[in-house]
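Participant: how would this look folded up:
(one chain, ligands or ions: 1)
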Amino acid sequence: MSTQHKSDTMADYVAMRRICKTFNRDSLNEIRLFQNFNLEIPKGQFVAVIGSNGSGKTTILNILCGSVPIDSGSVSVNGKEISRLPEHQHSEFIGRVFQDPSKGTCPQLTILENMALADNKGTRFGLHFGINRKRIPYYRSQLELLKLGLEDKLNLPVSSLSGGQRQALALLISTMTPIDLLILDEHTAALDPRSSENVMELTQRIVGEKKLTVLMVTHNLKYAIRYGDRLIMMHRGGIVLDAAGEEKVALQTKDLTEKFNEISLEDGN
Ligand SMILES: Nc1ncnc2c1ncn2[C@@H]1O[C@H](COP(=O)(O)OP(=O)(O)OP(=O)(O)O)[C@@H](O)[C@H]1O
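Facilitator: Residues are numbered from 1 along each chain as shown. All right, here's what the predicted structure looks like:
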């Protein structure tokens with residue numbers, strides 16, 4: 001759990017070191033994606049990741065979540081080596097919001113049941129949503145953060161919510177228990193422009209209030225510039241741009257587009 005292990009230094013709160021990963025080894029479809037890939041994220045940093053198709057963005061997230069095993073290297077979060085942990089244990093300290101709004105919540109359950117289920121994560125109640133009535137005021141207060149009026153609709157099935165409302169709820173649910181890392185996996189990509197803006201503003205608010213460490217993959221260059229403390233661009237399993245602080249603040253969409261043009265020229269496109 002989040003508080004049980006301590007980081008060696010703040011700078012390597014999340015650390016992927018010397019990662020090697022090849023898919024379909026020794027076959028015609030072999031893909032040598034990562035060869036000694038490194039990424040370190042200090043505690044509380046919000047990192048936006050952009051990059052060309054197939055550059056390895058989703059694989060980074062999958063490795064951190066334990067759904068893709070590495071060939072070699074190390075992955076640690078808050079001082080704990082996690083690369084050999086079974087996938088289900090990763091969800092105890094890593095929250096993930098997916099692109100697909102139906103993935104972060106159980107549509108057939110009510111808002112209240114979904115929240116109780118998330119609340120029981122990592123406890124002996126496991127996947128049960130036995131509702132502790134005493135927690136309801138807390139659930140309501142959390143839902144109020146969304147400013148969508150869902151605190152008055154606790155018994156509504158999640159299937160009746162819009163995509164934007166579901167993503168907002170998924171964001172809340174994935175950060176309700178203490179986590180060491182929040183992963184946002186193109187979490188606004190399936191939403192209309194207005195819902196997408198709302199979910200990004202909400203993301204900013206929740207991340208600020210809960211002081212979360214965040215890795216957000218996005219294809220939206222404006223969001224990568226506007227949100228977060230650091231911007232990383234990936235290409236062919238490597239980092240080709242890593243900007244933080246004033247350098248990040250000064251970045252404009254045209255700078256990123258130029259960089260994209262440069263790397264696609266390398267690929268002969
Ligand atoms: N489970 C897998 N089995 C085989 N190959 C895979 C697997 N996962 C990823 N790959 C390959 O690894 C490369 C990187 O994929 P990844 O999904 O990480 O890229 P991405 O940067 O997220 O791309 P996109 O922007 O298109 O979503 C791709 O060539 C992909 O086909």
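
Participant: is it true that Leu64 touches His90?
Facilitator: Yes - taking C-beta atoms under 8 Å as the definition, Leu64 is a contact partner of His90 at 7.4 Å. Any C-beta I mention is one placed from the backbone N, CA and C, and that applies to glycine too.

Participant: looking at these two, which one has more neighbours?
Facilitator: Neighbours around Leu64 and His90, counted as other C-beta atoms under 10 Å, are more numerous at Leu64. The numbers are 22 against 19.

Participant: picking up where we left off before, what's the overlap in contacts for Leu64 and His90?
Facilitator: Taking C-beta atoms under 8 Å, 6 or more residues apart in numbering as the criterion, Leu64 and His90 both touch Ile82.

Participant: residues of the stretch 51-200 of the chain that sit close to the ligand?
Facilitator: 51, 53-59 (C-beta under 6 Å from any ligand atom).

Participant: most widely separated two among these?
Facilitator: Distance extremes for these: the farthest pair is Asn53 and Thr59 at 12.3 Å, using C-beta to C-beta.

Participant: higher neighbour count, these two?
Facilitator: Using other C-beta under 10 Å, the more surrounded residue of Asn53 and Thr59 is Thr59, with 22 against 6.

Participant: who's in contact with that one?
Facilitator: Thr59 neighbours (C-beta under 8 Å, 6+ apart): 21, 33-34, 68.

Participant: hmm, Phe93 is touching Thr177, no?
Facilitator: No - in this structure, Phe93 is not within contact of Thr177 by C-beta under 8 Å, at 9.2 Å.

Participant: so which of these two has more stuff around it?
Facilitator: Phe93 (22 against 18).

Participant: distance of the residue nearest to that one when sequence neighbours are not counted from Val207?
Facilitator: Spatial nearest neighbour of Phe93, chain neighbours left out: Asp180 (4.5 Å); criterion: C-beta to C-beta, 6 or more residues apart in numbering. To Val207, Asp180 is 14 Å away according to C-beta to C-beta, to the nearest Å.

Participant: now Met216
Facilitator: Counting by C-beta to C-beta, the gap from Met216 to Val207 is 9 Å.

Participant: ok, of the residues of the stretch 51-200 of the chain next to the ligand, which come out buried?
Facilitator: Neighbour-count burial (16 or more other C-beta atoms under 10 Å) applied to these gives 51, 55-59.

Participant: out of those, which sit inside strands?
Facilitator: The strands, defined by DSSP state E, take in Gly51 from these.

Participant: any idea which of the buried ones among the residues of the stretch 51-200 of the chain next to the ligand is closest to Lys222?
Facilitator: Distances from Lys222 to these, taken by C-beta to C-beta, are shortest for Gly51, at 15.7 Å.

Participant: excluding its backbone neighbours, what's nearest the closest one?
Facilitator: Leaving aside its sequence neighbours, Gly51 sits nearest to Met234 (C-beta to C-beta, 6+ apart; 3.1 Å).

Participant: and for that neighbour, the neighbour number?
Facilitator: If we define neighbours as other C-beta under 10 Å, then Met234 has 23 of them.

Participant: what comes into contact with the helix or strand encompassing it?
Facilitator: Secondary structure assignment for Met234, by DSSP states H and E: strand 230-235. For strand 230-235, the surrounding residues in contact (C-beta under 8 Å, 6+ apart) are 39, 41, 45-52, 55-57, 60, 224-225, 239-244, 248, 251, 256, 259-260, 263, 266.
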